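*Asks:* Have a look at this prediction, sequence included:
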Amino acid sequence: MTLQDVARQAEVSLATASRVLNGTSQVRADLRERVLAAAAELAYTPNAHAQALAGASRQALGVICHDVSDPYFAAIARGVMRAAAEHGQLVMLASTNRDPAREVEYIAMLRAQRARAILLIGSGFEDRGWERSMAAELDPYQRAGGRVAVVSRHRSLKVDAVVPENREGAAALARALLDLGHRDFAVLTGPLSLTTVSDRLAGFRDALTEAGVSLGPERVIEAAFTRDGGHAAATELMRRGLRPTCVFAVTDVMAIGALTAFREGGLDVPHDISLAGFDDIPIVGDLTPPLTTVALPLDEMGERVTKLALREPRGHRSRVERITGEVVLRASTAPL
């Protein structure tokens, strides 16, 4: 019998079954009783080899990202692995596909494995329920000596953080596009529940407003925070009959999808429509045309968040390292 069998029999998550049987945190009494009863009924015996591995995992870092196939996360993870190797640490990588509940589940599993540190690589969620669930997992983990560090803004988490200045970077990009003569814009966004998305949209809109340029709600199109989401959002923009002179996709991967959609729709970038992104993932300089974007030092961000997690804490105050983005104008945007 395996731990999965116990969880299935007790009708609880794998993480909950692990917490009960490993005694790593408090679990609601009724759930605890169900797990113990299922373990007894199935004659479950913990795997000694697995327990030995768990004991050794103090030399491991758990990294939880939104989508490991996204070049943004892959570049940051590369920096994490480089810094971890310098400190003799193994990296365990998990991808949530932007599911808040799955993120909490993975944290619970890493707690059960007694990972030395947990790194959250990606945007926080504007969701009070998620914030409470995260705190319920992370607070006792940190009290027991575990270390937590994050990349991007997580409003309620009292942890060390590497925070890209998304709002300021998007505002700087908007001003650069205004300087090219553009006054008619649209924005392709991911889900507004993600702090990265809301910050970038707010910064871009603020700079336009300061210049006396409006961005109506019909010109902000929300889709998945992926290449396919960018394609869908650009397709919807064309379906609505809108023809802005410049489109801002709040992440490069969405801009890549938008570029394909515009071509399929018979629009030439940048002669018919200019296009800009954000992040400067490695591929965008090789596109045709190369993409205008806001460059972030992604590898460096991975190294810095790892070093924060492995550094000794300084009292109860969280340390925040801010990362400034740099506007890079390339051929995907043309002056009017």
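*Replies:* Thanks, I have the structure now. Predicted model only: the values in this text are computed from it and were never measured. Numbers count the residues shown, from 1 in each chain.

*Asks:* all contacts plus neighbour counts: C-alpha atoms, from now on.
*Replies:* Fine.

*Asks:* tell me the SS of Leu157?
*Replies:* Per DSSP: H, G, I helix; E, B strand; the rest coil, the secondary structure class of Leu157 is coil.

*Asks:* Do I have it right that it meets Ser133?
*Replies:* No: taking C-alpha atoms under 8 Å as the definition, Leu157 is not a contact partner of Ser133, at 10.9 Å.

*Asks:* and the closest residue to Pro71 other than its chain neighbours, how many residues sit next to it?
*Replies:* Leaving aside its sequence neighbours, Pro71 sits nearest to Ile281 (C-alpha to C-alpha, 6 or more residues apart in numbering; 6.1 Å). As a burial measure, Ile281 scores 23 neighbours (other C-alpha atoms under 10 Å).

*Asks:* who's more crowded, Leu157 and Ser133?
*Replies:* Under the criterion of other C-alpha under 10 Å, the comparison of Leu157 against Ser133 puts Leu157 first, with 19 against 15.

*Asks:* ok, the more buried one to Ile221 distance?
*Replies:* For Leu157, the distance to Ile221 (C-alpha to C-alpha, to the nearest Å) stands at 29 Å.

*Asks:* One more: Asp99?
*Replies:* Look at Asp99 and Ile221: by C-alpha to C-alpha, they are 21 Å apart.

*Asks:* same question, Ile273
*Replies:* 16 Å.

*Asks:* which intervals of the stretch 51-200 of the chain have sub-threshold pLDDT?
*Replies:* Residues of the stretch 51-200 of the chain meeting the criterion pLDDT under 70: 51-58, 155.

*Asks:* Going along the chain, name the helices of it.
*Replies:* All helices of the stretch 51-200 of the chain, identified by DSSP state H, counting those that start in this stretch, fall at 71-86, 100-112, 128-143, 166-179, 195-210.

*Asks:* and the most centrally placed residue in the chain, how far is that from Leu188?
*Replies:* Taking C-alpha atoms, centre = their mean, the centroid of the chain lies closest to Gly122, which sits 1.9 Å from it. Gly122 sits 19 Å away from Leu188 when distances are taken as C-alpha to C-alpha.

*Asks:* cool, and Asn97?
*Replies:* Taking C-alpha to C-alpha as the measure, Asn97 falls 19 Å from Leu188.

*Asks:* Look at these two and report which has more neighbours.
*Replies:* Set Asn97 next to Leu188 and count neighbours by other C-alpha under 10 Å: Leu188 wins out with 30 against 13.

*Asks:* Over to the residue lying closest to the more buried one once chain neighbours are set aside: give its phi and psi.
*Replies:* What sits nearest to Leu188 in space, not counting adjacent residues and going by C-alpha to C-alpha, 6+ apart, is Ala249, at 4.6 Å. In terms of degrees, to the nearest 10, the main-chain angles of Ala249 are phi -100, psi 130.

*Asks:* per-residue confidence at Ala249?
*Replies:* pLDDT for Ala249: 98.

*Asks:* My read is that it contacts Val197, right?
*Replies:* No: between Ala249 and Val197 there is no contact under C-alpha under 8 Å: 10.0 Å.

*Asks:* Need the overlap of contacts for these two.
*Replies:* Thr189 (C-alpha atoms under 8 Å, 6 or more residues apart in numbering).

*Asks:* Look at those two and report which has more neighbours.
*Replies:* Counted by other C-alpha under 10 Å, Ala249 and Val197 do not tie: Ala249 has more neighbours, with 29 against 23.

*Asks:* The more buried one and Arg330, how far apart?
*Replies:* In terms of C-alpha to C-alpha, Ala249 sits 15 Å off from Arg330.

*Asks:* same question, Pro290
*Replies:* Distance, Pro290 to Arg330, by C-alpha to C-alpha: 6 Å.

*Asks:* Which parts of the chain are strands?
*Replies:* Along the chain, counting by DSSP state E, strands occupy 60-65, 90-95, 117-121, 147-151, 160-164, 185-189, 220-222, 246-249, 274-276, 293-295, 320-323, 326-328.

*Asks:* which residues does Arg143 contact?
*Replies:* Residues counted as contacts of Arg143 (C-alpha under 8 Å, 6+ apart): none.

*Asks:* Also the one 10 residues further on?
*Replies:* Residues near Arg153 by C-alpha under 8 Å, 6+ apart: 123-124, 161, 163, 195-196.

*Asks:* can you tell me which of the residues you listed lies nearest to Gln9?
*Replies:* Of all those, Gly124 has the smallest distance to Gln9: 33.0 Å, by C-alpha to C-alpha.

*Asks:* Quick one: residues contacting the closest one.
*Replies:* Going by C-alpha under 8 Å, 6+ apart, Gly124 touches 152-155, 194-196.

*Asks:* And the protein, what are its domain boundaries?
*Replies:* Under the assignment automatic domain parsing, the domains of the chain span 1-46, 166-296.

*Asks:* how far away is the residue nearest to Leu188 from Ala258?
*Replies:* Counting by C-alpha to C-alpha - Ala249 and Ala258 are separated by 8 Å.

*Asks:* Quick check: neighbours shared by those two?
*Replies:* Counting by C-alpha under 8 Å, 6+ apart, the shared contacts of Ala249 and Ala258 are Gly230.
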